[in-house]
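K.L.:
task: produce atomic coordinates for the following.
(2 chains)
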Number of protein chains: 2
Amino acid sequence: MAIRYPNGKKYAAIQSDTKKKPTLGKTNTYSNRGMTLEDDINHSNAYYLDRGVAVIHKKPTPVQIVDVHYPKRSAAVIKEAYFKQASTTDYNGVFNGHYIDFEAKETKNKTSFPLQNFHDHQITHMKQVLSQKGICFVLLRFSLTDEVFLVDAKQLIHCYENQEERKSIPKKDIQSYGHKISLGLTPRLDYLSIVQKIYLT
Amino acid sequence: MAIRYPNGKKYAAIQSDTKKKPTLGKTNTYSNRGMTLEDDINHSNAYYLDRGVAVIHKKPTPVQIVDVHYPKRSAAVIKEAYFKQASTTDYNGVFNGHYIDFEAKETKNKTSFPLQNFHDHQITHMKQVLSQKGICFVLLRFSLTDEVFLVDAKQLIHCYENQEERKSIPKKDIQSYGHKISLGLTPRLDYLSIVQKIYLT
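P.N.:
Numbers count the residues shown, from 1 in each chain, chains lettered A, B, ... in the order given. Have a look, this model is predicted:
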């Protein structure tokens, strides 16, 4: 897997440390704009940070390191390591005193969002955050139509815990209780304006 | 570098993903109790999580992944990767609606805490968190005497930005404006009781 080098964009310092899944050889054209949801969120977070709006970062991919070499006069090289399952969501931070915590997922499905995108430990983490009065949600993208919705964690948890009924969330439900986020340039994905509106006013 | 396997402790799931520095062959007896500051904090965070007191996690060590192999029928193996410098502090989370953000460092010095333990980007992050009304501090341990102090980020930033005067913080200053954290069993390092006292009452 090749690393992604800085790409000359304004917020070039913000890039994912790696792709998690073995998509070797595939390009990242999940949407018409050629950007992944993660790219858009990182770009928006860099914008928020730059403008003093919020401090929200993606957590590094958790890795279990097994073997490290220490060459003379050069940087330590990790020679054997494995991807670990994260124990939390991917993004958190602070927005005007408020704790913000979310996960972002995309699907190529057209009419529903599969719940298999989420895992038990993430749902547990969301419950814990809610019980601590944190603001917790998911950003769900339908990549074929490039639509992104903010869905409150409570709604997601409810669907997740009723999977014997249905293993995915119908898109019409997401359109009903979710909040569509308009795509822009700066920031690309202004999810905090939705957060401000639904949680803080 | 050998990984640390689960050790049979109650909160065994919580352990550091790796040691950052090349301490190969050394044992972790930084203190008389044979525990590192990170061990104590992770243990305390697990206790807080278990009791519903707070949701605070250590962020994974950031790693730049260069080469990954995908063997058939077994887990992906990272074959080449490098340690990256973190762009934030190591710990953050939510405590009863409040955003908590901190860094933890220890020294073997007896009379002062060297500021070289901190880096520009960490100081920048602390300023950003403060400007977003987050609660931000450092936990400083004098490992030879096993004393841990909570020092507000503003104090640390002030010292850091006046390094032409002094490249370390005198211990007597830390004793004066810092808050000593008593060591216990459950949790080992009850820093949130200090947070409650100095920030939230």
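K.L.:
so where do the helices sit in chain A?
P.N.:
Assigned by DSSP state H, chain A shows helices spanning A:37-50, A:120-131, A:153-160, A:171-177, A:191-199.
K.L.:
can you say which of these is nearest to residue B:120?
P.N.:
helix A:37-50 (15.3 Å; C-beta to C-beta). To be clear about C-beta, it is placed using only N, CA and C from the backbone, and glycine gets the same treatment.
K.L.:
and the angle from the closest one to helix A:191-199?
P.N.:
80 degrees (axes from the mean of the first three to the mean of the last three C-alpha atoms, to 10 degrees).
K.L.:
compute the inter-axis angle for helix A:37-50 and helix B:120-131.
P.N.:
70 degrees.
K.L.:
tell me if helix A:37-50 is near chain B.
P.N.:
Yes - using C-beta under 8 Å from any C-beta of the partner chain, helix A:37-50 reaches chain B at residue A:49.
K.L.:
and residue A:41, how many neighbours?
P.N.:
25 (other C-beta atoms under 10 Å in any protein chain shown).
K.L.:
quick check: the nearest residue to it once chain neighbours are set aside vs chain B, distance?
P.N.:
Nearest non-adjacent residue to residue A:41, counting by C-beta to C-beta, 6 or more residues apart in numbering or on different chains: residue A:104, 5.6 Å away. Distance, residue A:104 to chain B, by C-beta to the nearest C-beta, to the nearest Å: 17 Å.
K.L.:
tally of neighbours for residue A:104?
P.N.:
So residue A:104, with other C-beta under 10 Å, has 22 neighbours.
K.L.:
show the pLDDT at it.
P.N.:
You'll see residue A:104 listed with a pLDDT of 97.
K.L.:
next, the residue nearest to residue A:171 when sequence neighbours are not counted: phi, psi?
P.N.:
Using C-beta to C-beta, 6+ apart and skipping the chain neighbours, the partner closest in space to residue A:171 is residue A:111 (5.2 Å). Listed backbone geometry of residue A:111 is phi -120, psi 0, with angles given as degrees, to the nearest 10.
K.L.:
next one: residue A:144
P.N.:
phi -70, psi -30.
K.L.:
report how many residues lie close to it.
P.N.:
Per other C-beta under 10 Å, the neighbour tally for residue A:144 reads 14.
K.L.:
kindly report the same for the one 4 residues further on.
P.N.:
Neighbourhood size, residue A:148 [other C-beta under 10 Å]: 26.
K.L.:
same check on residue A:88?
P.N.:
Other residues close to residue A:88 by other C-beta under 10 Å number 22.
K.L.:
surely it touches residue A:124?
P.N.:
No - using C-beta atoms under 8 Å, residue A:88 is not in contact with residue A:124; the gap is 9.5 Å.
K.L.:
ok, longest strand in chain A?
P.N.:
Ordering each strand of chain A by length in residues (DSSP state E) puts strand A:98-107 first.
K.L.:
for it, output the C-alpha coordinates as PDB.
P.N.:
C-alpha atoms of strand A:98-107 as PDB (Å, rounded to 0.1, in the frame of the first residue of the first chain):
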ATOM      1  CA  HIS A  98     -18.900  21.300  24.000                       C
ATOM      2  CA  TYR A  99     -17.500  17.800  23.600                       C
ATOM      3  CA  ILE A 100     -18.100  16.500  20.100                       C
ATOM      4  CA  ASP A 101     -17.700  12.900  19.200                       C
ATOM      5  CA  PHE A 102     -18.600  11.200  15.900                       C
ATOM      6  CA  GLU A 103     -18.100   8.400  13.500                       C
ATOM      7  CA  ALA A 104     -18.200   8.700   9.700                       C
ATOM      8  CA  LYS A 105     -19.300   6.000   7.300                       C
ATOM      9  CA  GLU A 106     -20.200   5.700   3.600                       C
ATOM     10  CA  THR A 107     -22.100   3.200   1.600                       C
END
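K.L.:
and it with helix A:37-50, angle?
P.N.:
Going by the same axes, to 10 degrees, strand A:98-107 makes 160 degrees with helix A:37-50.
K.L.:
low pLDDT regions in chain A?
P.N.:
Applying pLDDT under 70 to chain A flags the ranges A:1-34.
K.L.:
picking up where we left off before, what residues are up against the residue nearest to residue A:41?
P.N.:
A:37-38, A:41, A:90-91, A:138-141 (C-beta atoms under 8 Å, 6 or more residues apart in numbering or on different chains).
K.L.:
ok, back up a step: the residue nearest to residue A:171 touches residue A:170, doesn't it?
P.N.:
Yes - using C-beta under 8 Å, residue A:111 is in contact with residue A:170, at 6.8 Å.
K.L.:
between these two, who's got more neighbours?
P.N.:
Using other C-beta under 10 Å, the more surrounded residue of residue A:111 and residue A:170 is residue A:170, with 13 against 9.
K.L.:
count the residues that sit near the nearest residue in space to that one that is not next to it in sequence.
P.N.:
Distances taken as C-beta to C-beta, 6+ apart put residue A:112 closest to residue A:170, at 5.0 Å, once the chain neighbours are dropped. Under the neighbour criterion other C-beta under 10 Å, residue A:112 is assigned a count of 17.
K.L.:
I'd guessed residue A:112 sits against residue A:159; true?
P.N.:
No - using C-beta under 8 Å, residue A:112 makes no contact with residue A:159, being 10.4 Å away.
K.L.:
tell me the contacts of the closest residue to residue A:44 other than its chain neighbours?
P.N.:
Distances taken as C-beta to C-beta, 6+ apart put residue A:187 closest to residue A:44, at 3.6 Å, once the chain neighbours are dropped. Neighbouring residues of residue A:187 by C-beta under 8 Å, 6+ apart: A:43-44, A:47-48.
K.L.:
same thing with residue A:60?
P.N.:
A:17, B:59-63, B:84, B:86.
K.L.:
closest one of those to residue B:197?
P.N.:
Using C-beta to C-beta, those come closest to residue B:197 at residue B:59, 25.8 Å.
K.L.:
now the closest residue in space to the closest one that isn't next to it in sequence: how far from residue A:161?
P.N.:
Once flanking residues are discounted, residue B:59 sits nearest to residue A:59: 5.3 Å by C-beta to C-beta, 6+ apart. The spacing between residue A:59 and residue A:161, counted by C-beta to C-beta, to the nearest Å, is 25 Å.
K.L.:
can you check residue A:179 too?
P.N.:
22 Å.
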